[in-house]
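[1] This is a predicted model, with the sequence first.
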Amino acid sequence: MPAALRILHILRAPTGGLFRHVRDLVRGQSEAGHAVGVICDSLSGGERADATLAELAPQCGLGVARSPMARLPGPGDVTAAFELARLCGGLRPDLLHGHGAKGGLYARLAGRRLGVKGLYTPHGGSLHYEWRQPQGALFLGAERLLRRLTDGFLFVCSHEKQAFERKVGLGAVPWRVVHNGLWPEEFTAIPPVAEATDLIFIGELRHLKGVADLLEAMALLKKTRSVTLTITGDGPDRAEFEAKACALGLDGVVRFTGALPARQAFGLGRLFVMPSHAESFPYVLLEAVAAGLPVIASRVGGIPEVLPAADMIPPRDSKALADAIAARLDNIQPDRAPAAGLRDRFAAEKMCADIVDFYRTLLARPSR
């Protein structure tokens, strides 16, 4: 039987889909007998992150540690990476798995300092930028420099791998695509509650998620029919979206609930909408399909790796979104059931096993 591994996952903000991915890896890897630990930013996430990390701690044989990590790159990153290397050193990890741009930076710098393999999963991050943008040139240039410190790339979808290859390049670094997955208990239909609206949006309230496009689509729909919407989530642009809903005359048909657990929110609507401008491989989309909701989503990122063409619309097109919503609402089936074949394609157990298999492949290779 292969020896158990000592694995440290490093990320900045313990929030969102990236954190969900890390939590799933901790669960699956610890259940498989590996010693797992998490290191993340001490300044992000608030009370909700504190509570989630406390729940995660019993599965973390290598513990949960928090250290300040700035959101944007700067000179302090080197000092922070050395501090992180000090934290890691006493735990004797076999490898460091960095998640997101900042987690990937620290994992690879600390890994090189400790002589330990350092892996990187981008989770979108820098890949949302282009070289022609000043910030993009900075972030993508840093990614290209860090490639020489990288022992392996893990991508959550083929789109992310292709974007990284185009913008940064893989060089001679080993890589693997492993899709996100869900646990058996998540493949259960969630019926709509009595006060459910026609539509449900779940996500961070910022422009990248296409909330403004959704509100404009609601205004178009209002001209010909009555459609209601629940917007679940929070974020930096929430006040702006609430003001826009008011300006468009959507009072009474759009409600903002704040952040809620996804499975609680799914019952608040009959049709799940995801009008994002950019995505990696969104967990909430998988969760919605597994909960039996019909879906309309933008054709971006890894979404085409989950949905058929009929369920997608072009991003940044409120007219196309309104038309798709109207057509789907006219044909919603009353009974919800998870999409056929989803469990076989996107199982969390398979995701965790495939990632550990990649770890072992890298550990058997000479260090870069």
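    Received, thanks.
[2] low-confidence ranges in the protein?
    Residue ranges of the chain with pLDDT under 70: 1, 368.
[3] Residue ranges of each domain in it, please.
    6-181+347-363, 185-345 (automatic domain parsing).
[4] okay, the ones you listed in CSV with mean neighbour count next?
    Just so you know, the C-beta spots here come from the backbone N, C-alpha and C atoms, and that holds for glycine as well. What follows is those, written out as CSV (neighbours: other CB atoms under 10 Å):
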stretch, mean neighbour count
domain 6-181+347-363, 19
domain 185-345, 18
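[5] and the residue of the chain most remote from its centre, what is it in contact with?
    The centre of the chain is farthest from one residue, residue 224, which by CA atoms, centre = their mean lies 35.6 Å away. Neighbouring residues of residue 224 by CB atoms under 8 Å, 6 or more residues apart in numbering: residue 326.
[6] swap the cut-off to 10 Å and go again
    Taking CB atoms under 10 Å, 6 or more residues apart in numbering as the criterion, residue 224 is in contact with 322, 326.
[7] Now do it against residue 322, distance only.
    Counting by CB to CB, to the nearest Å, the separation of residue 224 from residue 322 is 9 Å.
[8] Wait, residue 21 touches residue 286, no?
    No - counting by CB atoms under 10 Å, residue 21 does not reach residue 286; the two are 11.2 Å apart.
[9] any common contacting residues for the two?
    Common neighbours of residue 21 and residue 286 (criterion: CB under 10 Å, 6+ apart): 180, 181.
[10] Can I take it that residue 119 is in a helix?
    No - in this structure, residue 119 is strand, not part of a helix, as judged by DSSP: H, G, I helix; E, B strand; the rest coil.
[11] the strands in the stretch 51-200 of the chain, which residues?
    For the stretch 51-200 of the chain, the strands defined by DSSP state E, counting those that start in this stretch cover 63-67, 95-99, 117-121, 152-155, 175-177, 197-202.
[12] Can you list the neighbours in contact with the fifth one?
    It stands for strand 175-177. Contacts for strand 175-177 (CB under 10 Å, 6+ apart): 119-120, 150, 152-162, 164-165, 281, 302, 305, 354-355, 357-358, 361-362.
[13] How far does it sit from its chain's centre?
    17 Å (CA atoms, centre = their mean, to the nearest Å).
[14] Over to the fourth one?
    For strand 152-155, the distance between its averaged C-alpha position and the chain's averaged C-alpha position is 15 Å (CA atoms, centre = their mean).
[15] Quick check: can you name the pairing partners of that strand and their directions?
    Applying DSSP bridges, strand 152-155 is found paired with strand 117-121 (parallel), strand 175-177 (parallel).
[16] how about that strand as CSV, C-alpha atoms only?
    Coordinates of each C-alpha in strand 152-155 appear next as CSV, following Å, rounded to 0.1, in the frame of the first residue of the first chain:
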residue,chain,number,x,y,z
GLY,A,152,3.6,20.8,-11.2
PHE,A,153,0.5,22.6,-12.5
LEU,A,154,-3.0,21.3,-11.6
PHE,A,155,-6.0,22.8,-13.5
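[17] Output the strands of the stretch 51-200 of the chain as JSON lines; include the columns distance to residue 237.
    Converted to JSON lines, those look like this (distance: least, CB to CB, whole Å):
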{"stretch": "strand 63-67", "distance to residue 237": "27"}
{"stretch": "strand 95-99", "distance to residue 237": "24"}
{"stretch": "strand 117-121", "distance to residue 237": "26"}
{"stretch": "strand 152-155", "distance to residue 237": "28"}
{"stretch": "strand 175-177", "distance to residue 237": "32"}
{"stretch": "strand 197-202", "distance to residue 237": "13"}
